[in-house]
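> what's the 3D shape of this:
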Amino acid sequence: MRQRSVVLLGFGFLAALSCFAMSSVPAGAAPKFVSCGGAAMLGGAQLNCSHLDAKKPSQLCNFSWALLLPNNVPQIASGSFLLPRGANNAIVYQGSGFTGALSEPIILCQDQR
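Numbering: from 1, shown residues only. Okay, here's the model as predicted:
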């Protein structure tokens with residue numbers, strides 16, 4: 001009995017850890033000098049980005065992110081933003097009514113010239 005409860009506690013810990021890992025994910029497909037990350041939990045979702053190289057021009061970026069509504073229906077959040085040089089932890093998307101993320105946020109950027 002004791003051995004089984006240890007296994008169940010270990011499984012619960014792994015489930016909680018994987019749930020946290022899925023809700024806080026790095027962004028995919030962003031250039032190396034643009035750093036983005038997002039999280040969806042506790043009813044809200046937020047995507048932040050930073051411009052890491054002052055020599056590179058401002059970036060015009062598009063994002064797409066699959067999020068989960070409370071009734072287990074997926075919803076795609078998408079949009080565009082301009083990330084100027086030197087931007088640090090700029091909030092590029094903020095929404096409410098989501099219980100989690102179904103995918104990593106996907107960000108595609110190009111030089112603004």
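> mind checking how far the spatially most central residue of the chain is from Pro57?
By C-alpha atoms, centre = their mean, the chain has its centre lying nearest to Gly38, at 2.3 Å. For Gly38, the distance to Pro57 equals 24 Å [C-beta to C-beta, to the nearest Å]. For every residue, glycine as well, the C-beta is placed using N, CA and C.
> One more: Cys36?
In terms of C-beta to C-beta, Cys36 sits 17 Å off from Pro57.
> Phe81 now?
15 Å.
> out of the two, which sits in the more crowded spot?
A count of neighbours by other C-beta atoms under 10 Å puts Phe81 above the other of Phe81 and Pro57, at 18 against 13.
> so what's that one closest to, chain neighbours aside?
Nearest residue to Phe81, sequence neighbours excluded (C-beta to C-beta, 6 or more residues apart in numbering): Val92, at 4.4 Å.
> okay, now that neighbour: neighbour count?
Other residues within reach of Val92, judged by other C-beta under 10 Å, total 21.
> Please, which helix or strand holds it?
Per DSSP states H and E: Val92 is located in strand 90-98.
> Which helix or strand lies directly C-terminal to that strand?
Once strand 90-98 ends, the next helix or strand along the chain (criterion: DSSP H and E) is strand 100-101.
> Give the other helices and strands that the next helix or strand after that following strand contacts.
Where DSSP H and E defines the elements, the next helix or strand beyond strand 100-101 is strand 106-111. Using 3 or more C-beta pairs under 8 Å, 6 or more residues apart in numbering; DSSP states H and E, the elements in contact with strand 106-111 are strand 34-41, strand 59-68.
> In TSV: these, plus distance to Leu47.
Below are those laid out as TSV (distance: least, C-beta to C-beta, whole Å):
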stretch	distance to Leu47
strand 34-41	4
strand 59-68	6
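> weakest of those by average pLDDT?
For the helices and strands packed on strand 106-111, mean pLDDT drops lowest on strand 34-41, to a mean of 90.
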